[in-house]
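A.B. asks: Sequence first, predicted model second:
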Amino acid sequence: MSKKFDKQAYLKSYYDMLLWRKFEEKCAALYIQQKIRGFLHLYNGQEAILSGLINSIDIKKDKVITAYRCHVLPIAMGLDPKYVMAELLGKATGSSKGKGGSMHMFSKEHNCFGGHGIVGGQIPLGAGISFADKYNDNDNVTICFMGDGAVRQGVLHETFNMAMNWNLPVIFICENNGYAMGTSVDRTANHTEIWKLGLGYEMPCAPVNGMKPEDVSEALDVAVERARSGNGPTFLEMKTYRYKGHSMSDAQHYRTKEEVEDYKNIDPIDYVLDVIKKKKYASAKEIDKIQDAVKEKVKESVEFAESSPFPNPEDLYEDIYDGPYNFIRD
């Protein structure tokens, strides 16, 4: 267990994970009301990974990048949830001024570099961010998330090769929730232990229980120290589960209700709450106070988003690249 996972870490973990879960549940409700449009990929069940992450990194300087299941990552990195909710509703006050939506959550101020809709597209970008840190001779670390479907993209292998060749300060994390959209891991390759992909590049790699935040933190403590001390990348397979479908439109015919219920028996939020109760880290009254604070934060986020204006039509022409172009044009 990570030495840093003490009483305060468990209490923070419970608040954070409960906030992320309730935030996502509210997003689902707003989607059904058609206040959120397009696709919506929820993080329910995978919260222990981010909880362990922020216990091990320095959010003031370390950077993160992920795929399109990305609503709560910027919140974990310190962005107020109201700006994420506003982005989801397409409002001008959103984190990307209402132009990115569900799959493109960015916050440069909070070292969150997306939010990417192209499967596996963020993998080389994560290596590029870490290359910049190495080039600038600082000790920042980049954490690059991907799903179990993205590891089948060829760009992962190109990136792993370069990351090892250049000894980059990057940690690649596969959030293996069992299904790439509706395709189970065992249908995509002749092996199911994804972490072993690192072995072909002599990259330090390991499987991690992604349902317990302290297990995640313990693995990341080692990987972060390796990267920060100049000893190169790590590949971790975080074994987790998502309780919702791939997106809101997913009928989930590829799995049984019994399977989902079995995984709910090891819900990371319930697990952490159980630890808090057993170790008497908080009284029933204090736990109620945490739950009330979460409800209020989610309510505040929705009120802010719904009261915010939509972007003006002319805003479409802002924040786009308009030169200079560093190449010759006829």
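C.D. replies: Yes, it's here.
A.B. asks: Going by C-alpha atoms from here, please, whenever you check contacts or count neighbours.
C.D. replies: OK.
A.B. asks: Any stretches of the chain with poor pLDDT?
C.D. replies: 1-3, 326-330 (pLDDT under 70).
A.B. asks: Does Gln42 touch Tyr68 like I think?
C.D. replies: No Gln there; residue 42 is Leu. No - the pair Leu42 / Tyr68 is not scored as a contact, 9.4 Å apart, by Cα atoms under 8 Å.
A.B. asks: in the stretch 101-250 of the chain, which spans are strands?
C.D. replies: Secondary structure of the stretch 101-250 of the chain (DSSP state E, counting those that start in this stretch): strands located at 106-107, 112-113, 142-147, 170-176, 179-180, 183-184, 205-209, 234-239.
A.B. asks: so can I have TSV of those strands showing mean neighbour count and distance to Tyr83?
C.D. replies: As requested, the strands of the stretch 101-250 of the chain are exported to TSV (neighbours: other Cα atoms under 10 Å; distance: least, Cα to Cα, whole Å):
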stretch	mean neighbour count	distance to Tyr83
strand 106-107	24	10
strand 112-113	24	13
strand 142-147	25	22
strand 170-176	26	25
strand 179-180	19	29
strand 183-184	16	33
strand 205-209	20	31
strand 234-239	26	28
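A.B. asks: possible to save the ones you listed as CSV with distance to Ile49?
C.D. replies: Below are the strands of the stretch 101-250 of the chain laid out as CSV (distance: least, Cα to Cα, whole Å):
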stretch, distance to Ile49
strand 106-107, 19
strand 112-113, 16
strand 142-147, 10
strand 170-176, 8
strand 179-180, 17
strand 183-184, 20
strand 205-209, 9
strand 234-239, 7
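A.B. asks: do you know which of the ones you listed lies nearest Lys279?
C.D. replies: strand 205-209 (21.6 Å; Cα to Cα).
A.B. asks: what's the closest one packed up against?
C.D. replies: Here strand 205-209 touches helix 213-228, strand 234-239, going by 3 or more Cα pairs under 8 Å, 6 or more residues apart in numbering; DSSP states H and E.
A.B. asks: closest one to Ile32 among these?
C.D. replies: Of the helices and strands packed on strand 205-209, nearest to Ile32 by Cα to Cα is strand 234-239, at 29.5 Å.
A.B. asks: got the CA coordinates for the next helix-or-strand element following that closest one in PDB?
C.D. replies: Later in the chain than strand 234-239, the nearest helix or strand by DSSP states H and E is helix 257-264. The C-alpha coordinates for helix 257-264 follow below in PDB (Å, rounded to 0.1, in the frame of the first residue of the first chain):
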ATOM      1  CA  LYS A 257     -26.600  -7.800 -15.900                       C
ATOM      2  CA  GLU A 258     -25.200 -10.300 -13.500                       C
ATOM      3  CA  GLU A 259     -21.600  -9.400 -14.600                       C
ATOM      4  CA  VAL A 260     -22.200  -5.700 -14.000                       C
ATOM      5  CA  GLU A 261     -23.700  -6.500 -10.600                       C
ATOM      6  CA  ASP A 262     -20.800  -8.700  -9.600                       C
ATOM      7  CA  TYR A 263     -18.400  -5.800 -10.300                       C
ATOM      8  CA  LYS A 264     -20.600  -3.400  -8.300                       C
END
